[in-house]
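> sequence? don't have it. structure:
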């Protein structure tokens, strides 16, 4: 059964400015009984929030709220006119009030303006009431869209200002629950589909108590909700971390099927659960080497093997999420592994990470570095 984080809503303090500058949007400390938390699309101006948002909302069968348009309807003028008349600080206050009101409403896809994240109060509010998704578009693409879009953007008068604002805000965007890399060739439909995949939420009405793609999601009546801590925010050695690393039945079964195919290739050696000498040690589910490159030395053993494989394979367990494993794949690539396959069994999807980026494939025959696995046989 696919586990979906169930967030509860705790009403934020209305009149208290959050004093902690590190207040972030990545990990809500608590949240609730609402089985369908808000999804907040964050990112720099012109990253695509207003175009991706409606498509994503349709996929998840919930309303879309473009916060800037809601503010304009509320104050009776454009954002540019509001800033020119009353100043940016007053606009930010109205923005916070409107964001708070929206967060108290029904579950929605909400797209705040690019600068909303600068206020600690806004970050805390989003953390408490939903999931944050960063649409990470390159600043060059954002500037090109700003320049060609024709809309009046008083906070983006020139390229130098845009680059400075982007650089200043980026560390705050990086605190989002999910990061979606944007390229110019992607359509809003493709980006929205990517968000759904990364959230591990099927494209159907509702997340909880709905049968979808043959899976029943738990009802909040049946079990207590818990927000999963991102891996890098947990204390090492805690019970929660041990649970996250625990393989599930499906995970072990799929790894066995993959190994069965790999063992037919007599030119390679596929080693399960080999810890590599990366930092404190990283352990892919399967590490693959040219057969002539590896041999046991019974006089000397390794707790962390120094030679990097040409291909590493990761299979998501029930206690893991795709975001963490894709970040792990990037680390493996940075340390010299040519290709990493990340297998998402819930949607029968294979993510192939190389030095050029990440590509996503449906269940099919995948080949990298001369190594082939037919995933149609595995996901039969």
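Good, I have the coordinates. These figures come from a predicted structure and were not determined experimentally.

> Beyond the one helix or strand residue 69 maps to, next helix or strand please.
Here residue 69, judged by DSSP states H and E, is contained in helix 67-75. Going down the chain from helix 67-75, the next helix or strand is helix 79-86, by DSSP H and E.

> the domain parsing of the protein - what is it?
Annotated domains of the chain cover 38-216, 244-378 [automatic domain parsing].

> Tabulate those (JSON lines), appending mean pLDDT and mean neighbour count.
(Glycine included, C-beta is placed from N, CA and C.) What follows is the domains of the chain, written out as JSON lines (pLDDT from 0 to 100; neighbours: other CB atoms under 10 Å):
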{"stretch": "domain 38-216", "mean pLDDT": "85", "mean neighbour count": "18"}
{"stretch": "domain 244-378", "mean pLDDT": "89", "mean neighbour count": "16"}
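
> Run through the residues that contact the residue nearest in space to the middle of the chain.
Nearest residue to the geometric centre of the chain (CA atoms, centre = their mean): residue 178, 2.5 Å. Shown in contact with residue 178 (CB atoms under 8 Å, 6 or more residues apart in numbering): 131, 132, 133, 134, 195, 198, 199, 323.

> Residue 358 in helix, strand or coil?
Following DSSP: H, G, I helix; E, B strand; the rest coil, the label given to residue 358 is strand.

> roughly how far apart are the nearest residue to it once chain neighbours are set aside and residue 112?
Spatially, and ignoring its direct neighbours in sequence, residue 358 is nearest to residue 351 (5.6 Å; CB to CB, 6 or more residues apart in numbering). Per CB to CB, to the nearest Å, residue 351 is found 29 Å from residue 112.

> before we move on, back to that, out of the contacts of residue 178, which are inside helices?
Within the contacts of residue 178, residues falling in helices by DSSP state H are 195, 198, 199, 323.

> And stretch 177-184, how far out from the chain middle?
The chain centroid and the centroid of stretch 177-184 are separated by 8 Å under CA atoms, centre = their mean, to the nearest Å.

> Could you pull out the helices in this structure for me?
Along the chain, the segments classed as helices by DSSP H run 49-59, 67-75, 79-86, 88-103, 120-129, 139-149, 159-173, 188-199, 239-244, 249-262, 322-334, 375-378.

> can you put those in a markdown table and add distance to residue 299?
Rendered in a markdown table, the data for the helices of the chain read as follows (distance: least, CB to CB, whole Å):
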| stretch | distance to residue 299 |
| --- | --- |
| helix 49-59 | 57 |
| helix 67-75 | 65 |
| helix 79-86 | 71 |
| helix 88-103 | 63 |
| helix 120-129 | 53 |
| helix 139-149 | 54 |
| helix 159-173 | 49 |
| helix 188-199 | 46 |
| helix 239-244 | 33 |
| helix 249-262 | 27 |
| helix 322-334 | 29 |
| helix 375-378 | 38 |
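
> do you know which of those helices lies nearest residue 295?
Evaluated with CB to CB, the helices of the chain place helix 249-262 nearest to residue 295, the distance being 17.7 Å.
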